[in-house]
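> The following block contains a protein sequence and its predicted model.
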Amino acid sequence: MSKRWILLYILLLFLPFLLLLLFLPQEPEPETPPGETVTLYRHETGTAQVLELTDYLWGVVAGEMPASYPEEALKAQTVASYTYLLHRKNTIASNPSSDFGHIGDVCDDPNHCKAYLSPAEAILKWGEDWYDASYERIRSAVTATAGKVLLYQGTAANTVFHAISGGMTEDAADVWGAEVPYLVSVDSHWDREAKGFSSVVTVPLTEFCEKIGQTDYTPGATVLTSGGSVATQVLGDKTFTGRELRSLFSLRSTRFTLKIEGENAVFNVSGYGHQVGMSQYGASVLAANGYTYDQILAYYYPGTSLKTE
Ligand SMILES: [Zn+2]
C-alpha cells in the first residue's frame, strides 16, 4: 500500500518537469539540407575532399577548358563534366569494383577521371589576372546549367571529351573497343585551325628500335579508323595499335603519319587527346558561330537529349 503512495508522490514531484518538457519549444527544424556534394579523390595527396557540386564543377571547367572560350562552350563543358560525374556514380553504384581502385565519386587525375583546380590552385597555376578574368565567366556557366544532364536512354551518358580532334572525332569502338551509340565519329574539320593542332615528334632510330623492341623498323601497312586515326601500324613483322605507338612515343593523338627520314623516325601528329566525344576546341568554334550549349552537346554526342534533373 505505502509503495503505491510513494510512487504517486514521486510522479507528482516530477509532474511539473514532465509538463515543462512537453511544452518546451520544439528543436528548430534542421537547416535546408546542403546541396549535392561530390567526394573528390585528390590523386597527388591520396586524400578525399567533400565539395559542393557547384564548386566541384567550377574546378573541373577551370582545369579542363580555357576560360577564354565562349560562354556557350563553357556551359557545354559544365554539362559534360556534370553528366560524366553522374555516369561514374551510376557505374560505381551498379558495379562497385569499377572505381579503378580509388575512393570517392571521381578523382582529379585527367588521365583517369577529370582535372580539377580549386580557385587557389588555379591562381597558383595561371595567376591573379587569369582569375580576375575567368572566375565569374566559369561561375555563371555553372549557374546557368544547374541540374542539366545529358541523357541516353534515360541515364547519364558517358560524356568524354578531348582538347582537339584530328579533323573528325573518333568512334569509341575504334579507341576503346566497345561501341557506344552516341560516341561515334563526327566531322570537326574546324579543329585544323586550332593552335597546337599539328605537332611533330622526331625519334632517333636507335631509340625508336629500343622502344618498339625490335631492330626492324620498316613501316608496313597502316589501317585507319573511320575517323582517320591509326588503328594499326605494321613495323617490321610486328603489328602495333595506334594507341600503343601514341603511348610509346608520347604522341598528342593517334592521328599521325610515320616516315623514316635519314636516321630518324618522324611522326606528324594532328589533334590532341583521345578524340572521342566532344572536341573542346570544336565546341569553342561552334559557340563562336552561334551554337548554343545544348546544340553543341547534341552535335558531339548524337542521339543524346538534354534534361533537367
Ligand atoms: Zn579517377
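Everything's here; your move.
> all helices of this structure, in order?
2-23, 53-64, 71-94, 119-144, 172-176, 205-212, 242-248, 280-288, 293-300 (DSSP state H).
> How about the second one and the ion, any contact?
No - using C-beta under 5 Å from the ion as the criterion, no contacts between helix 53-64 and the ion are found, and the smallest distance is 12.2 Å. To be clear about C-beta, it is placed using only N, CA and C from the backbone, and glycine gets the same treatment.
> what sits against Met168?
By C-beta atoms under 8 Å, 6 or more residues apart in numbering, the contact list for Met168 reads Ser185, Val186, Asp187, Ser188, His189, Ser226, Gly227, Gly228, Gln275.
> What sits closest to Trp176 if chain neighbours are left out?
Val276 (7.6 Å; C-beta to C-beta, 6 or more residues apart in numbering).
> swap that for Ala141, please
Leu74 (3.8 Å).
> For burial, what's the neighbour tally of Val106?
Val106: 24 surrounding residues under other C-beta atoms under 10 Å.
> That one and His112 touch, don't they?
No - Val106 is not in contact with His112 according to C-beta atoms under 8 Å; the separation is 9.1 Å.
> what sits up against stretch 129-136?
Ala62, Ala67, Ser68, Pro119, Ala122, Ile123, Trp126.
> That should have said stretch 296-309, apologies.
So stretch 296-309 is contacted by 72-73, 76, 79-80, 147-152, 157, 159, 161, 169, 181-184, 186, 188, 277-279, 282-283, 286-287, 291, 294 (C-beta under 8 Å, 6+ apart).
> restrict those to contacts with the ion.
Counting by C-beta under 5 Å from the ion, no member of the contacts of stretch 296-309 reaches the ion.
> Put the buried members of these into a PyMOL selection.
Only the buried entries of the contacts of stretch 296-309 go into this PyMOL selection, using 16 or more other C-beta atoms under 10 Å:
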select buried, resi 72+73+76+79+80+148+149+150+151+152+157+159+161+169+182+183+184+186+188+277+278+279+282+283+286+287+291+294
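> what separates Gly213 from the ion, distance-wise?
30 Å (C-beta to the ion, to the nearest Å).
> ok, now Leu85?
11 Å.
> Kindly report the same for Met278.
Relative to the ion, and taking C-beta to the ion, Met278 is found at 19 Å.
> Name all residues that make contact with that residue.
Ala76, Gln77, Ala80, Thr159, Val160, Phe161, His162, Thr169, Ile296, Leu297, Tyr300, Tyr301.
> hey, what's it bridged with?
Phe161 (DSSP bridges).
> Quick check: pLDDT value at it.
Met278 is assigned 98 on the pLDDT scale.
> Ile212 too?
97.
> I'd say it and Leu248 touch.
Yes - using C-beta under 8 Å, Ile212 is in contact with Leu248, at 7.0 Å.
> who touches both of the two?
With C-beta under 8 Å, 6+ apart as the test, Ile212 and Leu248 both reach Phe240.
> Look at these two and report which has more neighbours.
Taking other C-beta under 10 Å, Ile212 and Leu248 do not tie; Ile212 has more neighbours (20 against 14).
> near the ion, which residues of the chain?
Cys107, His112, Cys113.
> And the furthest pair within the contacts of stretch 129-136?
Largest separation among these by C-beta to C-beta: Ser68 and Pro119, giving 17.1 Å.
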